[in-house]
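# No sequence on hand, only this structure:
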């Protein structure tokens, strides 16, 4: 279900990140293709980044990423909206965290993104601290997998 990211996956990732409802849930604006490609070039070049493609029945349905920021290993994921509500994100994240030896793991999630909060909780992540507002004005929660 999850595998290494290949260059062929980026077209699907690009389309996923263009969905207005997904953008609202993640509080992330869509990128035009040039900016998207530059963003993924940086992600792919990151030496400490761990990247996986979520695949279902031969189709790319999303991605998982892990990176280090402020001395903490974070995880994130994106699943195409047409695949929401099927348990795909929960199962993919479960496999992903098994592949990452570092602990604790952290994830930031928009306070209104109840689906993503549930995915994290199903995978043993616990909310830590109070909600905080990002520099972009987005209210987020921090979750930790001890």
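In hand now; what should we look at? What you are looking at is a predicted structure, and each value in this text was computed from that prediction instead of being measured.
# Could I get the full set of helices for the protein?
10-16, 20-26, 33-45, 88-99, 114-122 (DSSP state H).
# residue contacts, residue 76?
Residue 76 makes contact with 64, 65, 66, 107, 108, according to C-beta atoms under 8 Å, 6 or more residues apart in numbering. C-beta: built from backbone N, CA, C; applies to glycine.
# next one: residue 14
With C-beta under 8 Å, 6+ apart as the criterion, the residues that contact residue 14 are 33, 36.
# Check what pLDDT it gets.
According to the prediction, residue 14 has pLDDT 97.
# looking at this protein, which helix or strand does the model trust least?
Lowest by mean pLDDT, DSSP states H and E among the helices and strands of the chain is helix 20-26, with a mean of 92.
# Work out which residue lies at the spatial centre of the protein.
Closest to where the C-alpha atoms of the chain average out (C-alpha atoms, centre = their mean) is residue 77, at 1.7 Å.
# Tell me how far that one lies from residue 109.
Note on residue 77: its distance to residue 109, by C-beta to C-beta, to the nearest Å, is 10 Å.
# now do residue 37
Separation of residue 37 from residue 109 (C-beta to C-beta) stands at 26 Å.
# what about residue 99, distance to residue 57?
As judged by C-beta to C-beta, residue 99 and residue 57 stand 22 Å apart.
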